[in-house]
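[1] Need coordinates for the below:
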Amino acid sequence: MPLGYVEPGQDATISEGYIDFKFRNNTDRACLISASVVGNKIVIKLLGAKSDSKRDVRLKSVVVERMSPPADEIIVDNTLPKGAVEVEREPVQGMKVVVYRETYESNKLIEREKISEDIYKPVQGRKRVGPSNNDVAEDG
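    Got it, this is the predicted structure:
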């Protein structure tokens, strides 16, 4: 599911036995990896000497397709008052996202590399509704 704190496609992936994040220090200087827990968040920092390069690397997410969720699932719930509606799960639009790594020099784009393509499946909403006049209440 898309998350609110990062652009689509830039969230962490948990896929045991399938994806293993690896990176290589391509500089001649050491780097430090720092991890800590702050409240309910894990904070990871990569620290190193500032480069003399005038280059700036940015991630760019591009939504290439949007997918509508199916119509809400409606469940008649005889424990609710007649006509009442309770949203059990909000529908979520799906999307296909491509993430690019863009390298800029002096604010001019000099390289663009596709690094991932992700699909966020749409999520069907679910509502519980009280019985209507046409529904037959079950004793129970």
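
[2] C-terminal to the worst-scoring helix or strand of the chain on mean pLDDT, what's the next element?
    Scoring the helices and strands of the chain by mean pLDDT, DSSP states H and E places strand 41-48 at the bottom, with a mean of 88. Next along the chain after strand 41-48, taking DSSP states H and E as the criterion, comes strand 55-67.

[3] contacts for that following strand?
    Under the contact criterion CB atoms under 8 Å, 6 or more residues apart in numbering, strand 55-67 has outside partners 7-10, 93-105, 107, 110, 115, 121-122. Yep, even glycine has a C-beta here, placed from its N, CA and C like the rest.

[4] how does it look with 6 Å?
    7-10, 93-100, 102-105, 122 (CB atoms under 6 Å, 6 or more residues apart in numbering).

[5] Check stretch 93-113 too.
    8-9, 54-67, 114-122.

[6] Of all the residues in it, which ones are buried?
    For stretch 93-113, a neighbour-count test (16 or more other CB atoms under 10 Å) marks 94-100 as buried.

[7] What of stretch 119-130?
    120, 125, 127-130.

[8] Using CSV, write down the CA coordinates of the host helix or strand of residue 35.
    Using DSSP H and E, residue 35 maps to strand 31-38. C-alpha atoms of strand 31-38 as CSV (Å, rounded to 0.1, in the frame of the first residue of the first chain):
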residue,chain,number,x,y,z
CYS,A,31,31.1,5.7,5.7
LEU,A,32,29.1,5.1,8.9
ILE,A,33,25.8,3.4,9.1
SER,A,34,23.8,4.5,12.2
ALA,A,35,20.5,2.9,13.2
SER,A,36,18.2,3.9,16.1
VAL,A,37,14.7,3.7,17.3
VAL,A,38,12.9,7.0,17.9
